[in-house]
Structure formats: C-alpha cells, structure tokens
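> my questions are about this predicted structure, shown below with the sequence.
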Amino acid sequence: MKKTLLIVDDEKHTREGLREVFSEQYDVSTAANLEGALATLEADPADLLITDLKLGGENGIDLIEKALAFSKPPICIMMTAYGSVDSAVEAMRRGAYDFVTKPVNIERLEMLVKRALREQAIEKENGELKAEIQKTYALDQMIGSSALMKKVFEFIHQVAPSKATILIEGESGTGKEVAAKAIHSLSQRAKERFVAVHCASLSPQLLESELFGHEKGAFTGATERRIGRFEQASGGTLFLDEIGEIDPSVQVKILRILGERTFERVGGNQTLKTDVRLIAATNRDLKKMTLEGTFREDLFFRLNVVPLLMPPLRDRKEDIPLLGEAFLRELSKEHGKPYRSFSKEAMSRLLNYSWPGNVRELRAAIEHAIVLGKGKELTTGDLPASISNVSSIHVEERDSPGREALNLEKVTLLMIDRALEECGGNRSQAAAKLGISRRTLHRKLATLKNHTAQKSRF
C-alpha cells in the first residue's frame, strides 16, 4: 500500500502543484484550511502531513499540535516563508519533524519526506520486533529464550486472565516474585495493587497482624488499628513468598480466606470480606511437608490449583548471555559506569558456573564486576572469587545422579562457607548476602551436615 500524504495550504496552486509532485509515489489528499485538514485526518489518518505556516487567518502550528494528538499521529513537516524561520523552529519544538522555506525546494522536500517515512517505518518495525521479543523472550522483568522459559511465558499468558490461585515453586533466586508480578500485570487486576509479603521474615504473631491487620489494643504495642495486607490488596493480587515457613495457626486463617473470602482482624470481632487473588511461592516441597504434618494438606490443595515451577539457572544456561546483557545495561546505568561487554573468558566462567543462587546470584555477580571493573571489558578478575575460581568448583558433565548431587552439595557448602566467612560468622547477614532467609540458611546447613554425616559412615 502507498503511504498517505496530506498537503494543507490556503493557496490552490501550491496545493495542486505539490499533489502533482507526490501523487506518483504516494496517496495524496489536500485541504485548504485547519478545519478541512482535521476532518480529513479524522476520516482517514495520514502517514505524513505537510502544512503551510499561514492558513488564511489560522496557524499551521495549531494544526500540527492538533494532528499530533490523534491516536495515529502523522509525521508533520512545516512550510514557511524565509522570514518566519523562528515560527518553524517553534513548530519543531511542538513536535514537527522538520521544515522547509518557501519558495519550496522540491528536491529537498522529496528527500525530507522519504527520510521521514523511512524513519517512521523503522520505528514501527522496531516497535513490532520489541513487542514480539517481549512476548517470546521476555515478560515484565523475566528474560529468556530457552525452551524452559518459553514454557513459563506461555503458562503465564494462559493463566494470568483467570482468577485461579497459583503456587509458584522453585529454588531461591529463580524469579518467583518476578513471575508473580508478571501474572498480575497481565491479569484483569493489573490496575489494582500488587502486594507482596515475605512470610519467613516475620514471627507468627507479626505475620498474622501483617496479613489480617489488628485492632487497637489487640496486643502489647498495638497502639492503633492496622489494616492488613489481605485488606490492602482487595481487588488486586496478594503474593505470599516462602509460604512453607508460616505457622499452622496462620495457615488455618489463610485457608478460611481462600474458602469464604472473609476474615477478622487480630483482636477484632467484625467479619470483613476481601476480593483478592492469591499467588503463593515456596522453595520447599509442600507435598512432602503435608506428609510430615508440618503443612496443612487442605491448604496445599487450595494453593496448588495451578502450579508453576520456575527452572533453576543451571538448567537454562543458554539464557545466561541474555540475562547478563540485560543486567549489564541496567546496572551500568544505575551505578553511572560506562557500558562494557564481557570478555570471552568471563562469559565462559559465567556459563560454566553452577549458580546455586540462580538469577539473583548472577545479577549480584555482574553488579560486583561493574563496580570493581576498570578495563574496557569485564574480565574474569572482575567477577566474585567464587565464580572466577569456577574451574575448581563448577558442576562437571553429569554422568550419574550421584555425581550431580555431590557437585551441587560442594557448591552449596562453598557458597555458605564463603558467605559466613565474609560476614564474620553472622548468619543473618550471610543469609541476606545469599538472598535467602535465615531460617532457610539453618535448614540448608542442617541438611548438608546430615548428608555429610551419613556419607562418613561408609
């Protein structure tokens, strides 16, 4: 299809002359005044508008401003007498692409039109490509081109419009909260609030108050009424991270909300209603916990309506260059550092490392390299020691399940030991450095010690 041009000039011979010049290549319409031009644009949007500055008693700048307010605005080029260049500059300040002086140099105007339309086509193509990439390789802040991540993206697009409760499972640092935000942003609740609560960081009493709110005087220190997160998120989405860590007494109340959509504030008698979509996340095996009696089976079934498993980074290593590039651009800008690329050796280390901390650890490693790097590119020496020395700890080619478990155990122990060493033995600081809760750190240490003790018997 031909590109469409609208030529606006109150002098008929100018309008018709320009129509004759451009009609071979473009679909050309004309108008003599502002009113006629706007009526034409409303009926049939043009790709490009050429207008004179003087339109009888009207002003071409006003036409440009109104034209650019359309849902599909045209590119605007101003024609003006030589002595009115200041007005043309003002038109460009208001959004015009460029201007030409009268008498019009036809060759310059033709070149200007071609260039403007070419740039418009490129911009449109880039926008469509960006949208396609966003749909295929990224979602909100989630990035990946691997088969595993494409399945995650497809899942999110499919479940987001529904009202179903979703349970997101996966190791720490795999992006469970980012996935929850993506689901919210694509849902019918996107204009309402997304409220996140990290359950493992609060004691049972504080968590109960955080989720359901409390009345004044409900307990020592409750000096005023508090609105809980279920109330705050009504109409929107509530994300409960590390739900496997919550106390059984709180589990009962969450179960009631999922069933009846009602609750009471701590210390209150008034029954309140909430319309909230619940997304929960865990890095623990909730099904196993139900068998052990540490997590309510009925709550598990309520949460596990639509399960989503976030894959660990070691299982989608082809995404590391994409993620690395995205973090590199983001963090270079954030720290005011010049943009640099990775050396081949540095990228090789990133690809060969096992990433027990997953995407969160990758981001932290790249931030470390950006802050400390000094050369034209980021090298292995700029990476954290745990990664730059990857040759001694990376996961080897997996020829058996036993070898895989052994290597992952060594890496996890090494990461925990280094974090504790760097934090002077402070477990809370070490947990924060690793991107996990203190409770999770204790559990990992206990599990690894038990595993080591069992192996030492043989």
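Here it is on my side, so go on.
> my read is that Leu53 contacts Gly60, right?
Yes. Counting by C-beta atoms under 8 Å, Leu53 touches Gly60, with 4.5 Å between them. Any C-beta I mention is one placed from the backbone N, CA and C, and that applies to glycine too.
> mutual contacts of the two, please.
Met78, Met79, Thr80, Ala91 (C-beta atoms under 8 Å, 6 or more residues apart in numbering).
> what's the most distant pair in these?
Met79 and Ala91 (10.0 Å; C-beta to C-beta).
> Leu167 pairs with what?
Residues in a beta bridge with Leu167, per DSSP bridges, are Ala280, Pro307.
> distance of it relative to Ser185?
Using C-beta to C-beta, to the nearest Å, we find Leu167 at a distance of 19 Å from Ser185.
> among the two, which residue is more densely surrounded?
Set side by side, Leu167 and Ser185 show more neighbours around Leu167, with 22 against 16, by other C-beta atoms under 10 Å.
> picking up where we left off before, in helices, which of the shared contacts of Leu53 and Gly60 appear?
Among those, the residues falling in helices (DSSP state H) are Ala91.
> out of the shared contacts of Leu53 and Gly60, which are inside strands?
Assignment to strands by DSSP state E places the following of the shared contacts of Leu53 and Gly60 there: Met78, Met79, Thr80.
> what's the closest of these to Leu18?
Met79 (9.0 Å).
> ok, now which ones touch that closest one?
Neighbouring residues of Met79 by C-beta under 8 Å, 6+ apart: Asp9, Ile50, Thr51, Asp52, Leu53, Gly60, Phe99, Val100, Thr101, Lys102, Val104.
> same deal with Asp52?
Val8, Asp9, Asp10, Glu11, Thr14, Gly60, Met78, Met79, Thr80, Lys102 are the contacts of Asp52 under C-beta under 8 Å, 6+ apart.
> can you give me the helices in the stretch 101-250 of the chain?
Ranges of helices in the stretch 101-250 of the chain, per DSSP state H, counting those that start in this stretch, are 106-136, 147-159, 176-185, 204-212, 229-232, 248-260.
> which among those is found nearest to Gly268?
Smallest distance to Gly268 across those (C-beta to C-beta): 8.8 Å, for helix 204-212.
> hmm, back to that, quick one: the ones in strands among the shared contacts of Leu53 and Gly60 as JSON lines, columns for distance to Leu313 and pLDDT too.
Listed next are those as JSON lines, based on distance: C-beta to C-beta, whole Å; pLDDT from 0 to 100:
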{"residue": "Met78", "distance to Leu313": "53", "pLDDT": "93"}
{"residue": "Met79", "distance to Leu313": "58", "pLDDT": "93"}
{"residue": "Thr80", "distance to Leu313": "58", "pLDDT": "88"}
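> now do the buried residues in stretch 416-425.
Neighbour-count burial for stretch 416-425, counted by 16 or more other C-beta atoms under 10 Å, picks out Ile416, Arg418, Ala419, Leu420, Cys423.
> could you dump the residues you listed into TSV with pLDDT and secondary structure added?
What follows is the buried residues of stretch 416-425, written out as TSV (pLDDT from 0 to 100; DSSP: H, G, I helix; E, B strand; the rest coil):
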residue	pLDDT	secondary structure
Ile416	77	helix
Arg418	69	helix
Ala419	72	helix
Leu420	77	helix
Cys423	71	coil
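> re earlier: who has more neighbours out of Leu53 and Gly60?
Gly60 (28 against 21).
> any weak-confidence spans in the stretch 301-450 of the chain?
For the stretch 301-450 of the chain, the stretches flagged by pLDDT under 70 are 390-414, 418, 421-422, 432-433, 435, 447-450.
> okay, Glu318 and Thr237: tell me how far apart.
Glu318 sits 31 Å away from Thr237, going by C-beta to C-beta.
> same check, this time on Pro248
25 Å.
> ok, those two, which is more surrounded?
Under the criterion of other C-beta under 10 Å, the comparison of Pro248 against Thr237 puts Thr237 first, with 23 against 12.
> wait, the more buried one touches Lys191, no?
No. Assessed by C-beta under 8 Å, Thr237 is found out of contact with Lys191, at 11.2 Å.
> out of the contacts of Met79, which are inside strands?
Using DSSP E, Ile50, Thr51, Asp52, Phe99, Val100, Thr101, Lys102 are the members of those that sit in strands.
> sort out which one of these lies nearest Asp275 for me.
Thr51 (51.3 Å).
> just the CA trace of stretch 289-299, in PDB.
Below are the C-alpha coordinates for stretch 289-299, written out as PDB (Å, rounded to 0.1, in the frame of the first residue of the first chain):
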ATOM      1  CA  MET A 289       5.700 -31.200  54.300                       C
ATOM      2  CA  THR A 290       2.000 -32.300  54.300                       C
ATOM      3  CA  LEU A 291       3.100 -36.000  54.700                       C
ATOM      4  CA  GLU A 292       5.400 -34.800  57.600                       C
ATOM      5  CA  GLY A 293       2.500 -32.900  59.200                       C
ATOM      6  CA  THR A 294       4.200 -29.500  59.000                       C
ATOM      7  CA  PHE A 295       1.900 -28.100  56.400                       C
ATOM      8  CA  ARG A 296      -1.900 -28.500  56.200                       C
ATOM      9  CA  GLU A 297      -2.900 -30.800  53.300                       C
ATOM     10  CA  ASP A 298      -6.200 -28.900  52.800                       C
ATOM     11  CA  LEU A 299      -4.300 -25.600  52.400                       C
END
